[in-house]
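J.: Dropping the sequence and predicted coords here.
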Amino acid sequence: MCSEAGIVEKEITIPDRIIEKKFRTHRIKTDTGIEIDFPLEYTDNSDRIEFINNPDGTLSILIKNVTRITNR
């Protein structure tokens, strides 16, 4: 089908260093304007960050085991 439209399919190789840089952190922004950046591997680590679905349909984010906060 692509060849009928004159489109040539090509495989593109992306270097690992670019993938690591792009997907090393996860950035979220809430509707209330709060922005949080955290390492991607923390997404599935409930010892670091937890996303809680509240009964009223809202979401709570619990950041765990913090020993120091730096203001930027």
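T.: Good, I have the coordinates. Numbers count the residues shown, from 1 in each chain.
J.: By mean pLDDT, which helix or strand of the chain comes out lowest?
T.: Lowest mean confidence among the helices and strands of the chain (mean pLDDT, DSSP states H and E): helix 16-23, at a mean of 62.
J.: Okay, now the sheet partners of the helix or strand just after that helix, with direction.
T.: Of the helices and strands lying after helix 16-23 in sequence (DSSP states H and E), the nearest is strand 25-29. If you go by DSSP bridges, strand 25-29 pairs up with strand 35-39 (antiparallel).
J.: Strand 25-29 and whichever helix or strand comes after the strand it pairs with, what's the angle between them?
T.: Scanning forward in sequence from strand 35-39 by DSSP H and E, the next helix or strand is strand 49-53. Strand 49-53 runs at 40 degrees relative to strand 25-29, counting by axes from the mean of the first three to the mean of the last three CA atoms, to 10 degrees.
J.: which residues does the residue nearest to the spatial centre of the chain contact?
T.: In the chain, the residue lying closest to the centroid (CA atoms, centre = their mean) is H26, at 2.6 Å. Counting by CB atoms under 8 Å, 6 or more residues apart in numbering, H26 touches 37-40, 42-43. All C-beta atoms are positioned from the backbone trio N, CA, C, and that covers glycine.
J.: The same query, at a cut-off of 10 Å, please.
T.: Contacts here follow CB atoms under 10 Å, 6 or more residues apart in numbering; on that basis H26 touches 36-43, 49.
J.: next one: I52
T.: So I52 contacts 58-62 (CB under 10 Å, 6+ apart).
J.: Pairing-wise in the sheet, spell out the partners of it.
T.: S60.
J.: quick one on the thing from earlier: E9 versus the residue nearest to the centre of the chain, what's the distance?
T.: H26 is 31 Å from E9, where distance means CB to CB, to the nearest Å.
J.: What's the local residue count around K64?
T.: 11 (other CB atoms under 10 Å).
J.: Am I right that it is in contact with S46?
T.: Yes. K64 is in contact with S46 according to CB atoms under 10 Å; the separation is 7.9 Å.
J.: How about the backbone phi and psi for G33?
T.: Phi and psi for G33, reported as degrees, to the nearest 10, are phi 90, psi 0.
J.: Sounds good, over and out.
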